[in-house]
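J.: This is the structure alone, sequence omitted:
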């Protein structure tokens, strides 16, 4: 890999978790755009599946489970407080 570029040097100096977070965020946005605008085409779901696998690799399954459970509990708390 060519590391003479300042952007690549700065990216490689980040903490590995931060690097994986940035990579996962980029692939999550690619997945969202693909499903939003190309989900009805023949290749759309295939591309979305590949980007989702990379997203899971980058963020880690346990991190995603934690985020999902935190969001679910936040919604339940919101429901119990405001929507009863």
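T.: Structure received. Note that the structure is a prediction, hence the values are computed from the model and not measured.
J.: mind showing which ranges of the chain have poor pLDDT?
T.: Within the chain, the stretches with pLDDT under 70 are 1-4, 6-7, 84.
J.: Now do the helices in it.
T.: Using DSSP state H, the helices found in the chain span residues 6-12, 16-38, 44-59, 61-82.
J.: and those helices as TSV, adding mean neighbour count?
T.: All C-beta atoms are positioned from the backbone trio N, CA, C, and that covers glycine. Converted to TSV, those look like this (neighbours: other C-beta atoms under 10 Å):
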stretch	mean neighbour count
helix 6-12	10
helix 16-38	14
helix 44-59	16
helix 61-82	10
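J.: Provide a list of residues in contact with residue 27.
T.: Neighbouring residues of residue 27 by C-beta atoms under 8 Å, 6 or more residues apart in numbering: 51, 52, 54, 55, 58.
J.: my read: the first one touches residue 31, true?
T.: Yes. Using C-beta atoms under 8 Å as the test, residue 51 is close enough to residue 31 to be in contact (4.3 Å).
J.: gap between residue 66 and residue 40?
T.: 32 Å (C-beta to C-beta, to the nearest Å).
J.: typo on my end, it should be residue 79
T.: Distance from residue 79 to residue 40, by C-beta to C-beta: 33 Å.
J.: distance of the nearest residue to residue 55 once chain neighbours are set aside from residue 46?
T.: Leaving aside its sequence neighbours, residue 55 sits nearest to residue 27 (C-beta to C-beta, 6 or more residues apart in numbering; 4.4 Å). As judged by C-beta to C-beta, residue 27 and residue 46 stand 15 Å apart.
J.: Kindly report the same for residue 67.
T.: Note on residue 67: its distance to residue 46, by C-beta to C-beta, is 25 Å.
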